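Visitor: no sequence for this one, just the structure:
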């Protein structure tokens, strides 16, 4: 079967945004009593990439603690019965962060 497989960000990239990006603090109340609280990364819709059948895949921009932005970009899309899409992060100076290694990509195919 042919299909698009979206892998997304590497574990290194996910750790980087977890450690360096701004987060919102969310509190959930039920009947005026705090039920739970958690933090959520601040991210906005960014670029889009497209799969084998032109299906739209939303990528995101992440806000860093210093106010700058990282954007998620497509790093590679090798073929394995369809494209397998790997993404990484890119800063304003076009420096890539959290790229997948060739070995990691090969191991996912």
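Guide: Nice, I can see it. These numbers come from a predicted model, not from an experiment.
Visitor: use CA for all of it now, contacts and neighbours both
Guide: Fine.
Visitor: so how far does stretch 49-68 reach from one end to the other?
Guide: Distance across stretch 49-68, first residue to last, is 23 Å (Cα to Cα, to the nearest Å).
Visitor: next, the buried residues of that stretch.
Guide: By neighbour count on 16 or more other Cα atoms under 10 Å, the buried set for stretch 49-68 is 51, 59-64.
Visitor: for stretch 29-47, same thing?
Guide: Neighbour-count burial for stretch 29-47 [16+ other Cα under 10 Å]: 41-43.
Visitor: which elements pack onto whichever strand or helix holds residue 27?
Guide: Residue 27 belongs to strand 23-30 when elements are defined using DSSP states H and E. Packing partners of strand 23-30 (3 or more Cα pairs under 8 Å, 6 or more residues apart in numbering; DSSP states H and E): strand 33-41.
Visitor: who does the strand it packs on touch, helix- and strand-wise?
Guide: Helices and strands touching strand 33-41, by 3+ Cα pairs under 8 Å, 6+ apart, are strand 23-30.
Visitor: repeat the analysis, applying 10 Å as the threshold.
Guide: Of the remaining helices and strands, those touching strand 33-41 by 3 or more Cα pairs under 10 Å, 6 or more residues apart in numbering; DSSP states H and E are helix 11-20, strand 23-30.
Visitor: sheet partners, orientation included, of that strand?
Guide: Note on strand 33-41: by DSSP bridges, its sheet partners are strand 23-30 (antiparallel).
Visitor: next one: the strand holding residue 27 to chain centre, how far?
Guide: 22 Å (Cα atoms, centre = their mean, to the nearest Å).
Visitor: what angle do that strand and helix 11-20 make?
Guide: 80 degrees (axes from the mean of the first three to the mean of the last three Cα atoms, to 10 degrees).
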